[in-house]
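> fold the following, please.
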Amino acid sequence: MNIPVLLYMLPMTAVISLVYSASRFEDTQAIIAKSFRLFAQISVFLLGILLLLYLLTVKL
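Model (predicted):
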């Protein structure tokens, strides 16, 4: 099966944000809330970098 490498970004980002949030907070509600927010921030940042790199290389 040929899975695009970019699809690995979603589960890895989710795991990273969940583990990071769990290491900083003890309350389950706070962990989940902060994890979703961190997941969104990381995803937007990575998609922005991906878009920037695409725009820089589209005319090469």
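> packing partners of the strand or helix carrying residue 10?
Assigned by DSSP states H and E, residue 10 belongs to helix 9-24. If you count contacts as 3 or more Cβ pairs under 8 Å, 6 or more residues apart in numbering; DSSP states H and E, helix 9-24 packs onto helix 28-57. Where you see a C-beta, it was placed from the backbone N, CA and C, and this is true even at glycine.
> buried set for the helix it packs on?
31, 34, 35, 38, 39, 42 (16 or more other Cβ atoms under 10 Å).
> sorry, back to before: what's the angle from the helix holding residue 10 to helix 28-57?
140 degrees (axes from the mean of the first three to the mean of the last three Cα atoms, to 10 degrees).
> contacts for helix 9-24 next, please.
With contact meaning Cβ atoms under 8 Å, 6 or more residues apart in numbering, helix 9-24 is reached by 30, 31, 32, 34, 35, 36, 38, 39, 42, 43, 46.
> let's see 7 Å
Helix 9-24 has contacts (Cβ atoms under 7 Å, 6 or more residues apart in numbering) with 31, 34, 35, 38, 39, 42, 43, 46.
> buried stuff in it?
In helix 9-24, counting by 16+ other Cβ under 10 Å, buried: 13, 14, 17, 18, 21.
> nearest to residue 6, of these?
Set against residue 6, the nearest of those by Cβ to Cβ is residue 13 (11.3 Å).
> next one: stretch 29-49 to chain centre, how far?
How far stretch 29-49 lies from its chain's middle: 6 Å, per Cα atoms, centre = their mean, to the nearest Å.
> same question for that stretch, mean pLDDT?
Average pLDDT, stretch 29-49: 96.
> what kind of secondary structure is residue 3 in?
coil (DSSP: H, G, I helix; E, B strand; the rest coil).
> and it, how far is that from residue 20?
25 Å (Cβ to Cβ, to the nearest Å).
> and for residue 49?
Distance from residue 49 to residue 20, counting by Cβ to Cβ: 19 Å.
> try residue 52
On the measure of Cβ to Cβ, residue 52 and residue 20 end up 24 Å apart.
> do residue 42 as well
From residue 42 to residue 20 the distance is 10 Å (Cβ to Cβ).
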